[in-house]
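Participant: Provided below are the primary sequence and the corresponding predicted coordinates.
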Amino acid sequence: QSGVWRGQRPWCIIGWFVNSSSVNVGATAMLESRTLYPKRGFQCLQFYLYNSGSENDQLNIYIREYSADDVNGTLTLLEEIKDIPIGNWQLYHVTLNATNKFRVVFGGVRGPGASSGGLSIDDINLSETHCPHHIWHIRNFTQLIGSPDGILYSPPFYSSKGYAFQIYLNLNHSTYAGIYFHLISGANDDQLQWPCPWQQATMTLLDQNPDILQRMSNQRSITTDPFMTTDNKNYFWDRPSKVGKVAFFPNGTEFRRGGGYGTSAFITYERLKSRDFIKGDEVYILLTVED
């Protein structure tokens with residue numbers, strides 16, 4: 001849900017640039033939002049960040065929260081974003097838990113090293129929703145659509161409970177894309193409950209329209225039913241080392257991948273190209289796995 005700021009639109013600003021090439025190391029620049037009035041007690045800040053400056057430049061995210069006893073507001077650091085890649089837009093999410101009226105504050109910090117540019121922020125949106133747990137960023141996307149090479153596995157991710165998983169995106173069909181959720185062998189398997197009980201995995205192809213109210217993202221959710229079985233009577237969501245197949249990460253590391261569950265018709269290519277799912281030949285798939 002969005003637009004719940006006492007009848008106002010969610011806070012949205014497009015474009016902010018911090019020039020780090022003409023200032024000394026440690027210099028800062030601040031961007032502060034208007035005052036916002038929460039209703040839910042949780043918020044998600046989403047923005048795109050581009051670094052054309054030093055690899056040591058940094059962006060700090062703060063919240064300034066007000067109360068009856070603190071009319072000037074208390075500034076709290078929420079997140080330090082470091083090691084920002086040079087030359088590529090990156091999508092970020094920051095979780096807020098404001099219960100009193102507040103402002104969001106961005107702080108750009110000049111780091112050591114040569115700089116010919118700085119930090120650029122675009123498409124800033126804030127809504128009263130939970131942030132996704134993970135982001136799968138796919139570049140050079142268009143050439144994969146309908147191609148024999150359009151069989152993609154995400155990097156490994158971990159759920160909040162410690163289950164390791166991957167997402168499989170199938171783009172080699174002629175008219176539509178498929179998406180599937182796989183449990184994989186992970187570092188916590190000895191401490192986890194098997195078969196994996198009642199975890200809901202939500203996979204969202206992000207509509208990258210700058211205005212969050214205009215987005216029509218494409219979403220699919222699946223639930224790990226611990227009693228679900230395969231044709232050979234194994235539990236489908238059992239420990240991947242027991243029921244999975246051998247697979248390899250790009251670095252050659254061997255692991256086990258359980259069966260995939262999802263849909264072969266996640267989105268048609270016609271719809272995929274009709275909105276802002278693809279932007280700069282890049283797409284983002286947002287992932288959440290929780291009870």
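Facilitator: Done, it's in.
Participant: which residues of the stretch 151-291 of the chain fall in strands?
Facilitator: 151-153, 157-158, 164-170, 176-184, 200-205, 218-223, 245-248, 254-268, 283-290 (DSSP state E, counting those that start in this stretch).
Participant: from those strands, which stretch is densest packed?
Facilitator: Highest mean neighbour count of the strands of the stretch 151-291 of the chain: strand 176-184, a mean of 23 (counted as mean count of other CB atoms under 10 Å). For glycine as for every other residue, the C-beta is placed from the backbone atoms N, C-alpha and C.
Participant: residues in contact with that strand?
Facilitator: 145, 156, 163-171, 196, 201, 203, 205, 220, 222, 224, 237, 240, 244, 247, 255-269, 272, 285 (CB atoms under 8 Å, 6 or more residues apart in numbering).
Participant: what lines up beside it in the sheet?
Facilitator: strand 164-170 (antiparallel), strand 254-268 (antiparallel) (DSSP bridges).
Participant: Next, format the strands of the stretch 151-291 of the chain as CSV and append distance to Asn140 and mean pLDDT.
Facilitator: Putting the strands of the stretch 151-291 of the chain into CSV (distance: least, CB to CB, whole Å; pLDDT from 0 to 100) gives the following:
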stretch, distance to Asn140, mean pLDDT
strand 151-153, 11, 95
strand 157-158, 21, 98
strand 164-170, 14, 98
strand 176-184, 16, 97
strand 200-205, 16, 97
strand 218-223, 20, 97
strand 245-248, 22, 97
strand 254-268, 18, 96
strand 283-290, 10, 96
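Participant: Could you dump those into a markdown table with distance to Thr35 added?
Facilitator: Formatted as a markdown table, the strands of the stretch 151-291 of the chain follow (distance: least, CB to CB, whole Å):
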| stretch | distance to Thr35 |
| --- | --- |
| strand 151-153 | 43 |
| strand 157-158 | 36 |
| strand 164-170 | 38 |
| strand 176-184 | 40 |
| strand 200-205 | 30 |
| strand 218-223 | 32 |
| strand 245-248 | 50 |
| strand 254-268 | 38 |
| strand 283-290 | 28 |
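Participant: Just the helices from the protein, written as ranges.
Facilitator: 240-243, 269-272 (DSSP state H).
Participant: tell me the pLDDT at the closest residue to Leu59 other than its chain neighbours?
Facilitator: In this structure, Leu59 finds its nearest non-sequential neighbour in Ile81, 4.4 Å apart by CB to CB, 6 or more residues apart in numbering. Residue-level confidence at Ile81 comes out at 94, pLDDT.
Participant: now do Val4
Facilitator: pLDDT, Val4: 31.
Participant: next one: Ser127
Facilitator: pLDDT, Ser127: 89.
Participant: cool, the one 3 residues further on as well?
Facilitator: The model reports His130 with a pLDDT of 92.
Participant: ok, how many other residues are close to it?
Facilitator: The number of residues packed near His130 is 14, by other CB atoms under 10 Å.
Participant: for Ser274, same thing?
Facilitator: Neighbours around Ser274, by other CB under 10 Å: 10.
Participant: go on, the one 3 residues further on?
Facilitator: By the criterion of other CB under 10 Å, Phe277 has 22 neighbours.
Participant: If we go by neighbour counts, what in stretch 128-148 is buried?
Facilitator: Glu128, Thr129, Cys131, Pro132, His133, His134, Ile135, Trp136, Ile138, Phe141, Leu144, Ile145 (16 or more other CB atoms under 10 Å).
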